[in-house]
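Q: the sequence isn't on hand, but the structure is:
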Ligand SMILES: Nc1ncnc2c1ncn2[C@@H]1O[C@H](COP(=O)(O)OP(=O)(O)OP(=O)(O)O)[C@@H](O)[C@H]1O
Ligand SMILES: [Mg+2]
Ligand SMILES: [Zn+2]
């Protein structure tokens with residue numbers, strides 16, 4: 001028995017009401033509410049052969065064996081490879097390279113596993129053209145061009161692959177629902193059916209989803225709860241670097257980062273990220289920090305430009321650093337180094353525009369600013385680590401040891417760090433000079449000679 005039901009769903013946040021509003025009560029966005037008609041089945045009628053609970057002790061704990069995505073960087077973000085039966089959501093802006101990375105991965109996986117690629121956005125020929133450009137091998141790889149969910153599910157069941165890809169969730173539709181493809185209800189309904197299919201048949205499923213302008217996955221929060229892993233594919237139009245960032249992971253740590261570069265023959269892994277975000281120049285206004293993204297430390301340049309202002313309110317602009325952090329760092333410099341910055345514009349940017357979330361980049365930002373202001377290059381071959389407290393103290397940094405190791409590996413000669421808890425005894429100790437400091441003034445005195 002089915003009955004037609006209509007409800008009003010916000011296309012921005014997915015909240016549901018029984019009545020139309022011009023503005024969503026949940027997320028306050030205007031004109032985002034759309035009427036969607038769905039056929040609702042009665043809750044209990046589909047349960048035919050009901051399952052029974054089982055003794056917990058009797059469940060065999062056979063080790064889940066993950067399989068590789070073919071990319072070490074991708075595996076890292078997944079928490080060590082693809083878990084059979086898991087559902088991964090890969091989000092990203094239009095044209096960032098989602099289909100490319102997934103097709104490359106599909107080819108590599110198909111050398112060992114059975115793979116099915118469902119293309120709902122592009123024709124078979126279009127995918128083939130991309131494939132030819134990628135110049136890769138494949139073995140057990142099937143491709144299916146379809147947008148109808150029922151057909152897709154039938155085909156997945158028929159092929160019974162180890163790994164299936166849906167490109168993309170916004171392009172497929174469940175014809176039992178009257179709302180259009182890409183609407184929140186469609187995205188939600190299609191994902192949950194695919195999710196059930198994956199779990200029942202132990203198929204690893206990768207679903208591609210577009211993100212909206214403000215960076216949220218369309219059909220957003222509800223979808224994130226549904227899947228096991230949420231990964232964002234990021235980059236910008238200027239550089240060819242692409243980042244895979246895990247947002248949620250039931251099988252691994254979050255905030256892992258995979259780094260790639262886009263070439264004509266597809267994406268290539270960057271195994272030594274420090275090399276792309278630093279320049280190793282010793283000029284005024286530039287320092288290097290070691291930041292920790294996920295489990296891996298790497299070096300990133302911080303550049304500052306400080307100029308006398310012509311505005312009544314001086315300008316402060318950042319790329320890759322949170323603007324509020326900059327305001328805070330400037331306030332700390334004013335108060336604890338005793339330099340008035342209100343007459344200066346201040347621009348700060350990271351190497352390659354890399355977004356640093358690690359607060360221990362503060363010290364590098366502060367030294368870059370002072371270095372630019374005074375027009376003196378900081379101590380040659382040095383790196384700066386430490387979060388600035390409001391009272392001018394340099395606070396502890398997480399994973400300091402691995403950061404120092406990375407700096408030593410890169411051949412950096414001096415590293416300025418917060419006071420260490422333990423003596424660092426290691427083979428790198430002789431190759432790098434570790435300067436422990438407790439506040440910003442000490443850091444300035446040490447690294448900006450003739451200040
Ligand atoms: N010949 C080429 N040489 C270099 N890069 C290319 C070439 N052709 C395409 N690209 C890159 O591939 C990107 C498109 O990749 P892809 O189609 O995988 O993105 P997508 O995220 O799947 O996009 P969509 O949202 O449209 O599905 C382009 O933006 C461009 O950077
Ligand atoms: Mg695509
Ligand atoms: Zn809303």
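A: Yep, that arrived. Note that the structure is predicted; figures quoted are calculated from it, not measured. Ligands and ions are numbered 1, 2, ... in the order given.
Q: residue ranges with poor pLDDT in the protein?
A: Applying pLDDT under 70 to the chain flags residues 1-5, 38-49, 61, 63, 212-222, 236-238, 424-427, 449-451.
Q: longest helix in it, by residue count?
A: When the chain is parsed with DSSP state H, its longest helix is helix 184-201.
Q: and the next element down the chain from that one?
A: strand 204-210 (DSSP states H and E).
Q: which other helices and strands does that next one contact?
A: Where contact means 3 or more Cβ pairs under 8 Å, 6 or more residues apart in numbering; DSSP states H and E, strand 204-210 is packed against strand 87-92, helix 98-109, strand 163-167, helix 184-201. C-beta here means a position set from N, CA and C on the backbone, and glycine is covered the same way.
Q: tell me which other helices or strands the last one touches.
A: In terms of contact count using 3+ Cβ pairs under 8 Å, 6+ apart, helix 184-201 is assigned the packing partners strand 2-10, strand 33-41, strand 87-92, helix 149-159, strand 204-210, helix 220-226.
Q: run the last query once more with 10 Å
A: strand 2-10, strand 33-41, strand 87-92, helix 149-159, strand 163-167, strand 204-210, helix 220-226 (3 or more Cβ pairs under 10 Å, 6 or more residues apart in numbering; DSSP states H and E).
Q: which stretch among those comes nearest ligand 3?
A: Checking the helices and strands packed on helix 184-201 against ligand 3 by Cβ to the ion gives strand 2-10 as the closest, at 3.1 Å.
Q: quick one: the longest helix of the chain near ligand 3?
A: No. Helix 184-201 stays clear of ligand 3 (Cβ under 5 Å from the ion), getting no nearer than 9.4 Å.
Q: compute the inter-axis angle for that helix and helix 149-159.
A: 20 degrees (axes from the mean of the first three to the mean of the last three Cα atoms, to 10 degrees).
Q: in helix 184-201, what's buried?
A: 184-191, 194-195, 197-198, 201 (16 or more other Cβ atoms under 10 Å).
Q: please report phi then psi for the closest residue to residue 126 other than its chain neighbours.
A: In this structure, residue 126 finds its nearest non-sequential neighbour in residue 119, 7.9 Å apart by Cβ to Cβ, 6 or more residues apart in numbering. Reported as degrees, to the nearest 10, the phi and psi values for residue 119 are phi -100, psi 120.
Q: okay, residue 119 and residue 9: tell me how far apart.
A: Counting by Cβ to Cβ, to the nearest Å, the gap from residue 119 to residue 9 is 27 Å.
Q: and for residue 153?
A: Going from residue 153 to residue 9 by Cβ to Cβ gives 23 Å.
Q: quick revisit: possible to save the helices and strands packed on helix 184-201 as JSON lines with mean neighbour count and distance to residue 436?
A: Below are those laid out as JSON lines (neighbours: other Cβ atoms under 10 Å; distance: least, Cβ to Cβ, whole Å):
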{"stretch": "strand 2-10", "mean neighbour count": "14", "distance to residue 436": "52"}
{"stretch": "strand 33-41", "mean neighbour count": "15", "distance to residue 436": "57"}
{"stretch": "strand 87-92", "mean neighbour count": "26", "distance to residue 436": "41"}
{"stretch": "helix 149-159", "mean neighbour count": "16", "distance to residue 436": "58"}
{"stretch": "strand 163-167", "mean neighbour count": "26", "distance to residue 436": "49"}
{"stretch": "strand 204-210", "mean neighbour count": "25", "distance to residue 436": "46"}
{"stretch": "helix 220-226", "mean neighbour count": "17", "distance to residue 436": "42"}
